[in-house]
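>>> Sequence first, then the predicted structure, then my questions.
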Amino acid sequence: MTSVTAAGPTVVSGALAADTVWGPLGSPYVVRGQLTVGSAFSLTLLPGTVVKLDGQSSKIVVQGQFLSLGRPDARVTITSYRDDSVGGDTNGDGAATNGAPGDWQSISFETGDSTLIRVASVFDYTDVRFGDYGTAVACQTGMISVASREARLVVSNSRLSDARISPLLVNHTGSPNGWVGVYDSTFARSMCGVTSYYGIMDVVGNTFEGSLQQATLFSYPQKVRFWFNTAFSGPEVSGSPAPTRASADVRFNTLYGGIKHWISGSSAVSVGPGGGWVSDTPSAR
């Protein structure tokens, strides 16, 4: 296992050659280009760690395990190189630049050895912002992107915001081993909050702020539970044939923006409490 013992900034790129731990001492860690966490290795961010990604081609590709382990009093921050609000003026230009959506690309969970059942990666008490560079104009990209069928990921007690499109994108395509859980987290200032294609996931106890154009998109869900969330813009569920309670269980939420729509094929259907895939939804107070 390797760790940084010198004061930051610490510039990193390439592929990790061992299990690696980053802590506040080496912060901010500046990712330039692609940093790869191979299938045999892990990267752990200790409480108070700051990571800044430098440029629109910069990204972290995870084929092994990624653990961002903040605390309530020492959150981990993953942000733009131009963000001076944490970790200081790392790019040395004073107030000339600020972080903005799309400043960096993504943290992407991709297939390494597809024969392995993935150990879970974690974002806990972590703030992630200003990522998701790309050209897509709909809910098709993500600042945190789960692109591996085998990936297992937990996001808890975290704030994901200021993505160009989606803070979190999940794309499962039939694997029984992949799963994502999102708990007690906040999504803000992006086009879509959580976007999922063929998802197997829990989304429970989260807040989707009114600065989102759309709280969630669950397209062709395999098994999604959306419970006890507060959303100020409507969620959407789509699929053909129409999603059922077994594939999209939407209950016990406070939906100030109502249901955006439920789509079967190309037809939008208005669904209220007690109908189809959604029931027991408290009205906004």
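Cool, got the structure.
>>> Report the central residue of the protein.
L168 (3.1 Å; Cα atoms, centre = their mean).
>>> Against D202, how distant is that residue?
13 Å (Cβ to Cβ, to the nearest Å). Bear in mind the C-beta positions are built from the backbone N, C-alpha and C, glycine included.
>>> Mind listing the shared neighbours of those two?
By the contact definition Cβ atoms under 8 Å, 6 or more residues apart in numbering, L168 and D202 are jointly contacted by V182.
>>> thought the residue nearest to the centre of the chain was touching T141?
No: using Cβ atoms under 8 Å, L168 is not in contact with T141; the gap is 10.7 Å.
>>> Name the strands paired with the longest strand seen in the chain and say parallel or antiparallel.
Ranked by residue count under DSSP state E, the longest strand found in the chain is strand 50-62. Paired strands of strand 50-62, with direction, are strand 29-37 (parallel), strand 76-80 (parallel), strand 106-109 (parallel) (DSSP bridges).
>>> tell me the mean pLDDT over that strand?
Strand 50-62 carries an average pLDDT of 97.
>>> how close does P47 sit to Y220?
Distance, P47 to Y220, using Cβ to Cβ: 38 Å.
>>> same check, this time on G239
According to Cβ to Cβ, G239 stands 5 Å off from Y220.
>>> Would you mind telling me which of those two has the busier surroundings?
Legend: neighbour count by other Cβ atoms under 10 Å for G239 and Y220, higher for G239 (20 against 17).
>>> So that one sits against Q222, correct?
No: assessed by Cβ under 8 Å, G239 is found out of contact with Q222, at 9.7 Å.
>>> Mutual contacts of these two, please.
S247.
>>> Let me see the contact set for P9.
Counted by Cβ under 8 Å, 6+ apart, P9 has contacts 27-30, 87, 90.
>>> hmm, try it at 10 Å
Contact analysis of P9 by Cβ atoms under 10 Å, 6 or more residues apart in numbering lists 26-30, 50, 52, 81, 87-88, 90-91.
>>> what do you get for W104?
Taking Cβ under 10 Å, 6+ apart as the criterion, W104 is in contact with 31, 51-60, 78-82, 129-133, 143.
>>> Please list only the buried members of the residues you listed.
Buried members of those, scored by 16 or more other Cβ atoms under 10 Å, are 31, 51-55, 58-60, 78-82, 129-133, 143.
>>> which strands and helices sit next to the host helix or strand of V122?
Per DSSP states H and E: V122 is located in strand 121-124. With contacts defined as 3 or more Cβ pairs under 10 Å, 6 or more residues apart in numbering; DSSP states H and E, strand 121-124 has these neighbours: strand 42-45, strand 65-69, strand 76-80, strand 106-109, strand 144-146, strand 152-156, strand 179-183.
>>> For stretch 207-214, buried residues please.
Using 16+ other Cβ under 10 Å as the test for burial, stretch 207-214 gives 207-209, 212, 214.
>>> List the contacts of that stretch.
138-139, 159, 161-163, 165-167, 184-195, 215-216, 229-236, 253-257, 260.
>>> first to last residue in it, what's the distance?
For stretch 207-214, the first-to-last residue distance is 12 Å (Cα to Cα, to the nearest Å).
>>> what do you get for stretch 194-204?
End-to-end distance for stretch 194-204: 12 Å, by Cα to Cα.
>>> ditto for stretch 159-169
Criterion Cα to Cα; first-to-last residue distance in stretch 159-169 is 15 Å.
>>> Repeat that for stretch 57-75.
OK, stretch 57-75 end separation, Cα to Cα: 25 Å.
>>> Helix, strand, or coil at L25?
helix (DSSP: H, G, I helix; E, B strand; the rest coil).
>>> what about the longest strand of the chain, distance to the chain center?
Centroid displacement of strand 50-62 relative to its chain, using Cα atoms, centre = their mean, to the nearest Å, is 14 Å.
>>> Over to stretch 54-73?
On Cα atoms, centre = their mean, the centre of stretch 54-73 falls 10 Å from the chain's centre.
>>> need the contact list for the closest residue to Q65 other than its chain neighbours.
Closest residue to Q65 apart from its sequence neighbours, by Cβ to Cβ, 6 or more residues apart in numbering: S42 at 3.9 Å. Counting by Cβ under 10 Å, 6+ apart, S42 touches 1, 16, 18-21, 62, 64-67, 119, 121.
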